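> turn this into a model:
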Amino acid sequence: NDITIPNLDQAPRHDNTTASGTLSTMTSSDNITWEGIFMPTFPNTEDWTNRLVLSDNFTDVDNNTGTGASTSNYMVDDIYPIVHGPPTIYLDVLDRGNDDLILWAQHYSEGRDTVGQTSGGGGDAYLYVNFQEPVTASYNSDNATTNVASFSNADIDLDNATGTLRTMGAIDNDNKTIWRAQFKPTLDREVDNNTITLEATWTDQVGNPGTSVTTSNFVVETYRPQATFTITIADNTTCPASLCGNSRPALGPGDNGTLRVVFSDPNPEPIFNFSSDADIDNTSYVTLSTMTTIDNDTTWEGVFTPVDNSTGAGNQGQDTQASSYNIRFLLRDGSFRDNKGNPGDDVYSPYFVVDTKAPYVTEVKLYDGIDNLEDSTLDGSATFNNRCIPVHSDIYVTFDYFINPTSITTNAADTICRNETIKMSSDNFSTCVKIAHPPAASNSNKTFKLDPVDNLTYNTTYTVRVETGVEDALENNMTSQFTHSDGFRTSAF
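Numbering: from 1, shown residues only. You can find the predicted model right below:
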């Protein structure tokens, strides 16, 4: 190496202290800048603390004493790192005593927070590399103008590892001998043979080449157990799309069904900590028996029965049963685990219907061709009380939910009151108004139009009656006859 000492002001002599090498006699062409060649002591030298010192015993031409100076520290090292022993490389799996198995984990930082920040146990792993001497992220090579990496992620081979590695960094206060980074396993994989290799491309602080080393084998098991639901109704009852909007298995009074849950991971996998009482949700309208396994904890079955007098309406203060016609079981996310400890993924069963409650009338409405006059049977409001309506008016009867249209019958032939399920009369049903048949259905088979064949009689009060022969989509009949309490009167002319 060339050593240059500038500005010695015509110095006739100089002294230099050298370390781990020899310095040739220094020469100058102008007695101001002096140069000499420094030769490190090679081979077999490893000295990391060295300086060249200019003593203060030199003088200028006027015999004035000079001021001493020294170079910055430099290293002399031609000893390969392997002389001190090979590096070590290993995985540390958090929350597990077994560092050879990495399970599934979930992180808020990844935008996945269904179960929590981490779950499954052992889903976080750190890769550690221990060097026998310090390595640095960069160093100045001989005669180089740019820094050259001593060790980086480029020296880590992940070709046989199922996952990714974050940036390696030296542990604080450890003199850059211990480096680590988080290893993130690929989700939904089952790979038994994994290794991570430190290639021989790394160097020590001055560029001496390193050696390769590989972790022990580890298993990546991040496949969350999956479940598949099937529902079977004992008598194969189905609510057809024509009545219920969608064709779905259905439970009426006295029915029962079987719920089957099959677990896979991705092959059939025994499941532990599974409880039908705690892990299966959305059972508001049914009673589910304790599920039992039928084949070594991979397939579970239970019987469910509808709750009596149960629909989505709950009471007659509501005019909907939508929730009981859109039921599906839910297997809760993370509530059960496979035999390795991975939490199960949530899953829904197919939709099914529960309706064990008798239908009822919610509204009677009059329409005169221009305006609607509504009378709610639920809250007692009646906009057509004491109102006269035209003799050509139509009447609409609305029920709480889907009605089987075939159960709505009227008599269009004569005025004899027979066994029609909807009728209208002005004489306490001694005679009945002729109504067009079949009544037109609307509002998803919840509203039916009563269209008198002839105009109504002037200045006459009429009453609507609905018989118990009316049934809903699941063949539940009305439990009692409905007679509209608010009669309506036609105009006098």
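> where along the stretch 51-200 of the chain do the helices fall?
Shown for the stretch 51-200 of the chain, no helices are assigned by DSSP state H, counting those that start in this stretch.
> where in it is pLDDT low?
106-123, 137-149, 173-174 (pLDDT under 70).
> recalculate using a threshold of 80.
Counting by pLDDT under 80, the stretch 51-200 of the chain has low-confidence residues at 59-62, 95-97, 105-124, 136-149, 172-175.
> one more: the stretch 351-493 of the chain?
In the stretch 351-493 of the chain (pLDDT under 80), the answer is 368-389, 486-487, 492-493.
> my guess is residue 441 contacts residue 448. True?
Yes. Using C-beta atoms under 8 Å, residue 441 is in contact with residue 448, at 5.6 Å. No exception for glycine: its C-beta is placed from N, CA and C like everyone else's.
> buried stuff in stretch 282-296?
The neighbour-count criterion (16 or more other C-beta atoms under 10 Å) identifies 282-283, 285-286, 288, 291 as the buried residues of stretch 282-296.
> residue 396: which of those residues is nearest?
Residue 396 lies nearest to residue 285 out of the buried residues of stretch 282-296, by C-beta to C-beta, at 29.3 Å.
> mind checking how far the closest one is from residue 291?
According to C-beta to C-beta, to the nearest Å, residue 285 and residue 291 sit 18 Å apart.
> again with residue 263
12 Å.
> okay, and the common contacts of these two?
residue 300 (C-beta atoms under 8 Å, 6 or more residues apart in numbering).
> show me the contacts for the closest residue to residue 154 other than its chain neighbours.
Residue nearest to residue 154 in three dimensions, not counting chain neighbours: residue 201, with 7.1 Å by C-beta to C-beta, 6 or more residues apart in numbering. By C-beta under 8 Å, 6+ apart, the residues touching residue 201 are 154-155, 209-210.
> check residue 228 too.
By C-beta under 8 Å, 6+ apart, the contact list for residue 228 reads 261-262, 264, 347.
> of those - the most surrounded one?
Each of the contacts of residue 228 was scored for neighbours by other C-beta atoms under 10 Å, and residue 261 scores highest at 25 neighbours.
> that one contacts residue 291, doesn't it?
Yes. Assessed by C-beta under 8 Å, residue 261 is found in contact with residue 291 at 7.0 Å.
> which neighbours do these two have in common?
Common neighbours of residue 261 and residue 291 (criterion: C-beta under 8 Å, 6+ apart): 300-301.
> count the neighbours of residue 431 for me.
Neighbour tally, residue 431, other C-beta under 10 Å: 14.
> give the contact list for it.
Here residue 431 is in contact with 415-417, 425 (C-beta under 8 Å, 6+ apart).
> please apply the same query to residue 221.
Residues in contact with residue 221, defined by C-beta under 8 Å, 6+ apart, are 101-104, 189-190, 340, 342.
> same question, residue 76
19-21, 40-42, 45-48, 50.
> again, but for residue 454
433-434.
> tell me what residue 232 is bridged to.
For residue 232, the beta-bridge partners are residue 258 (DSSP bridges).
> if we can go back for a sec, and of the contacts of residue 221, the nearest to residue 35?
Of all those, residue 35 sits closest to residue 102, with 58.8 Å by C-beta to C-beta.
> and the gap between residue 403 and residue 471?
Using C-beta to C-beta, residue 403 is found at 7 Å from residue 471.
> of these two, give the one with the bigger neighbour count.
Between residue 403 and residue 471, counting by other C-beta under 10 Å, residue 403 is the more crowded of the two (26 against 18).
> can you tell me how far the more buried one is from residue 243?
Distance, residue 403 to residue 243, by C-beta to C-beta: 8 Å.
> residue 229 too?
24 Å.
> likewise residue 418?
For residue 418, the distance to residue 243 - C-beta to C-beta - is 25 Å.
> with neighbour numbers in mind, choose between those two.
Per other C-beta under 10 Å, whichever of residue 418 and residue 243 has more neighbours is residue 243, with 21 against 10.
> now do the contacts for that one.
Per C-beta under 8 Å, 6+ apart, neighbours of residue 243: 402, 404, 445, 473.
> also residue 344?
Residue 344 makes contact with 224-227, 263, 271, 331, 333-338, according to C-beta under 8 Å, 6+ apart.
> ok, and the closest non-adjacent residue to residue 84?
Of all residues beyond its chain neighbours, the one nearest residue 84 is residue 132 (3.8 Å), with distances taken as C-beta to C-beta, 6+ apart.
> distance between the ends of stretch 406-426?
With C-alpha to C-alpha, to the nearest Å applied, stretch 406-426 spans 26 Å between its terminal residues.
> before we move on, what about stretch 156-171?
For stretch 156-171, the first-to-last residue distance is 17 Å (C-alpha to C-alpha).
> ok, now stretch 286-294?
22 Å.
> not counting its own residues, what contacts that stretch?
251, 259, 261, 274, 276-277, 280, 299-307, 327, 329, 354.
> in helices, which of those fall?
Taking DSSP state H as the definition of helices, those contribute 276-277.
> follow-up on the earlier one: looking at the contacts of residue 201, which is nearest residue 480?
Looking across those and measuring by C-beta to C-beta, the closest to residue 480 is residue 154, at 82.4 Å.
> residue 199 versus the closest one, what's the distance?
8 Å.
> how about residue 211?
Per C-beta to C-beta, residue 211 is found 9 Å from residue 199.
> domain parsing of this protein, as residue ranges.
Domain ranges of the chain: 2-79, 83-221, 226-354, 358-493, per automatic domain parsing.
> what separates the last one from the chain centre, distance-wise?
From the chain centre to the centre of domain 358-493 is a distance of 51 Å (C-alpha atoms, centre = their mean, to the nearest Å).
> same question for the longest one.
Relative to the centre of its chain, domain 83-221 is centred 28 Å away, using C-alpha atoms, centre = their mean.
> out of residue 154 and residue 199, which sits in the busier spot?
residue 199 (14 against 11).
> contacting residues for that one?
Counting by C-beta under 8 Å, 6+ apart, residue 199 has contacts 155-157, 212.
> before we move on, what about residue 184?
Taking C-beta under 8 Å, 6+ apart, one finds 163-166 in contact with residue 184.
> which of those residues lies closest to residue 61?
residue 166 (62.4 Å).
> give me the number of neighbouring residues for the closest one.
Neighbourhood size, residue 166 [other C-beta under 10 Å]: 13.
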